[in-house]
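Novice: When you get a sec, could you give me coordinates for this:
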Amino acid sequence: MHGTVFGDLTIDVGGVPDGLELVWRGASNSRDPGEALRAYFKVTLAEAATRRANLHLHFEHLIQFNSSTVSFLLHLVDDAAAQGVSMTFFYDGSLRWQAHNFESIALLKRDAKGFSVRRLEGAAPAEKVGPP
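Specialist: Numbering: from 1, shown residues only. Sure thing, here's the model as predicted:
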């Protein structure tokens, strides 16, 4: 399994004892990220299902993603559940924008079989709110 690059987004792949780790870096700011990501994750989910591997998606290194990416991730959770692949999303809880998005995803997909969301406390600098 290899990593990939889609515009400003890089996904690096590594192994963990119980499966595959996919680390998202950069920004997912494409107008339709699902267009490129669907093909990549079709292969990823097939490999995970064949190997009976869990998927660990790490988002704590992302600097930004748009609502189209959130939509793709919601569909990805459904696709993984349909194929019997367990998946966990990891995010940086110290970044408010990540916390809002991933807490919403966790709430919307709380009944998805084999899916979980984990908050990590990162070393990100505090976000600035309001004018200087």
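Novice: ok, what's across the strand from the most centrally placed residue in the chain?
Specialist: Nearest to the geometric centre of the chain sits Leu57, at 4.6 Å (Cα atoms, centre = their mean). Judged by DSSP bridges, the bridge partners of Leu57 are Leu22, Phe89.
Novice: Spit out the contact partners of Thr10.
Specialist: Gly3, Thr4, Trp24, Arg25, Gly26 (Cβ atoms under 8 Å, 6 or more residues apart in numbering). Just so you know, the C-beta spots here come from the backbone N, C-alpha and C atoms, and that holds for glycine as well.
Novice: Could you list the buried residues of the lengthiest helix in the chain?
Specialist: For the chain, the helix with the greatest residue count under DSSP state H is helix 33-51. Burial within helix 33-51, assessed by neighbour count using 16 or more other Cβ atoms under 10 Å, is assigned to Pro33, Gly34, Ala36, Leu37, Phe41, Thr44, Leu45, Ala48.
Novice: Could you report the distance from the first one to Gly26?
Specialist: Shown here: Pro33 relative to Gly26, a distance of 12 Å by Cβ to Cβ, to the nearest Å.
Novice: one step back: looking at the buried residues of helix 33-51, which one is closest to Val85?
Specialist: Nearest to Val85 among the buried residues of helix 33-51, counting by Cβ to Cβ, is Ala48 at 4.6 Å.
Novice: So the closest residue to that closest one other than its chain neighbours, which state does it fall into?
Specialist: The shortest distance from Ala48 to any non-neighbouring residue, by Cβ to Cβ, 6 or more residues apart in numbering, is to Val85 (4.6 Å). Under DSSP: H, G, I helix; E, B strand; the rest coil, Val85 falls in the coil class.
Novice: ok, which stretches of the chain are helices?
Specialist: Using DSSP H, helices in the chain cover 33-51, 67-82, 96-108.
Novice: Could you check these and tell me which one is nearest His61?
Specialist: Distance to His61, taken as Cβ to Cβ, is lowest for helix 96-108 among the helices of the chain, at 10.4 Å.
Novice: Specify the angle between the closest one and helix 67-82 in degrees.
Specialist: Orientation check (axes from the mean of the first three to the mean of the last three Cα atoms, to 10 degrees): helix 96-108 against helix 67-82 gives 40 degrees.
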